[in-house]
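# After the sequence you'll find the predicted model.
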Amino acid sequence: MRGALHAYLRIAESLTRDIAAGRLAVGSRLSPERAMATDLGVTVTTLRKALAVLAERGLLERRQGSGNYVRQGDPSQGTYALFRLERPTGGGLPTARLMSFVRRPKPADLPDLGSDAAEAWHFRRIRALDHVPVAVEDIWLDGRFTGPISEKSVSESLYRSYREILGLQIMRAEDRLSAGPLPEWADGWLGKASGTMMGLAHRRAFDADGRAAEVSTTWFDPDHATYVARIP
């Protein structure tokens, strides 16, 4: 898949989300590395790179001769820390498919993006959890951010792409939840007709200076995904 994260990062993100959701309990021992690698369809080397990421995040204790044990760390360090959709049973690896991408004039009704730039980057994507399509996104990034961003350079994690390509670090986001019909432009994208009622999340995301940088709308299928916010 174009823009896909490296295999070891995908595994690390999946395990991080499973820990956050409680699907992997603190203190539990992971399966032996060779067995895990076989189950995941990767080499032991790739798996160990993923486990090293978890250890760096404080989510895993690697005991020589004993195994790998889940720790009470901070899952918010994950690449998808601000992605709030999970499978109904919790967790699930997020992936994304970019459907359209263009820089265009800001619509008159677009919420404030923190600058008077006349243009913005516009993305539309399909999001999946464990390869099951669950949501569509309509995203506007303020045009004050410039750099060699392109359809080919954007990864599955837009926030990671913002950081690596544009030098933009998204520090926080505000979400407002409701329900609404799937838009006409997304007809059939989730196997549902436009007009089908969906969960709806309106987001404003902010940079390190506290200025709005991005606004987005996500329509998600409540049959396959739920919105989760853990406090703290």
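Thanks, I have it. Numbers count the residues shown, from 1 in each chain.

# Flag every buried residue along stretch 91-98.
Residues of stretch 91-98 classed as buried under the neighbour-count rule (16 or more other CB atoms under 10 Å) are Gly91, Gly92, Leu93, Pro94, Thr95, Ala96, Leu98. C-betas here are computed from N, CA, C, even on glycine.

# now stretch 15-31
For stretch 15-31, burial by neighbour count (16+ other CB under 10 Å) applies to Leu15, Thr16, Arg17, Asp18, Ile19, Ala20, Ala21, Arg23, Leu24, Leu30.

# so which of these comes closest to Leu40?
Leu15 (10.0 Å; CB to CB).

# Let me see the contact set for that closest one.
Taking CB atoms under 8 Å, 6 or more residues apart in numbering, we find Leu15 in contact with Leu24, Ala50, Leu54, Leu59.

# for Glu174, same thing?
Applying CB under 8 Å, 6+ apart, the residues contacting Glu174 are Arg203, Arg204, Phe206.

# Double-check the first one against Asp175; I have them as touching.
Yes - with contact defined as CB atoms under 8 Å, Arg203 and Asp175 form a contacting pair (5.0 Å).

# which one of these two has more residues nearby?
Arg203 (18 against 15; other CB atoms under 10 Å).

# got a list of what the more buried one touches?
So Arg203 contacts Ala173, Glu174, Asp175, Arg176, Glu214, Val215, Ser216, Thr217, Thr218 (CB under 8 Å, 6+ apart).

# With adjacent residues omitted, what lies nearest to Glu61?
Tyr69 (4.7 Å; CB to CB, 6 or more residues apart in numbering).

# number of nearby residues for the one you found?
Neighbours around Tyr69, by other CB under 10 Å: 14.
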